[in-house]
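K.L.:
predicted model and sequence follow; I will ask about them next.
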Amino acid sequence: MYYSPMARAATTSDAFNAVAEPRRRDILSYLALQERPVGDIVVALGLEQPSVSKHLRVLKDVGLVRVRREGRHMLYRVNAEAIRPLHEWAGTFERFWRHQLQKVKERAEEKMTKV
């Protein structure tokens, strides 16, 4: 069995590892448009409160979300600047798929002109 000599980064130290967890991606998506308290996230995503708090702590530790206190509530929001590297990396693949779709379109148009 092969073991990589480089240890995998802990989810609390790397944004890419943090978003590898599907529930964290769900939380980020939910927070994308608006700042929200933990309770709203729990209800909207159907997760247990301790689980949401744990995921938010990881996202906060890697800088993907920010938190502020308003009275008794902690309000969480996406840190768009910290998400930029994820977006740019994913954009590489968006260009690939756009190119692939263009090729499919061109082939379909070629077949239509031959008929």
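P.N.:
Perfect, I can see it now.
K.L.:
which other residues reach stretch 18-38?
P.N.:
The contact list for stretch 18-38, computed with CB atoms under 8 Å, 6 or more residues apart in numbering, reads 11-12, 41, 44-45, 47, 49, 51-53, 55-56, 58-59, 62, 64-65, 68, 73-78, 83, 86. From N, CA and C alone the C-beta is placed, and that goes for glycine too.
K.L.:
try stretch 80-92
P.N.:
Ala15, Phe16, Val19, Leu28, Val62, Gly63, Leu64.
K.L.:
go again using 10 Å as the cut-off
P.N.:
Here stretch 80-92 makes contact (CB atoms under 10 Å, 6 or more residues apart in numbering) with 15-16, 18-19, 28, 32, 59, 62-66, 94.
K.L.:
before we move on, what SS does the residue minimising distance to the centre of the chain have?
P.N.:
Geometric centre of the chain, nearest residue: Arg25, 4.1 Å, by CA atoms, centre = their mean. Classification of Arg25 using DSSP: H, G, I helix; E, B strand; the rest coil returns helix.
K.L.:
on that earlier part again, just the ones of the contacts of stretch 18-38 in helices?
P.N.:
41, 44-45, 49, 51-53, 55-56, 58-59, 83, 86 (DSSP state H).
K.L.:
quick one: distance of the lowest-mean-pLDDT helix or strand in the chain to the chain centre.
P.N.:
Sorted by mean pLDDT, DSSP states H and E, the helices and strands of the chain end with helix 80-114, the least confident at a mean of 81. In terms of CA atoms, centre = their mean, to the nearest Å, the centre of helix 80-114 is found 19 Å from the chain centre.
K.L.:
again with stretch 30-46
P.N.:
14 Å.
K.L.:
kindly check the end-to-end length of that stretch for me.
P.N.:
Start-to-end span of stretch 30-46 (CA to CA, to the nearest Å) is 12 Å.
K.L.:
give me the buried stretch members for it, please.
P.N.:
Tyr30, Leu31, Arg36, Val38, Asp40, Ile41, Val42 (16 or more other CB atoms under 10 Å).
K.L.:
again, but for stretch 61-74
P.N.:
Those would be Val62, Leu64, Val65, Arg66, Val67, for stretch 61-74 by 16+ other CB under 10 Å.
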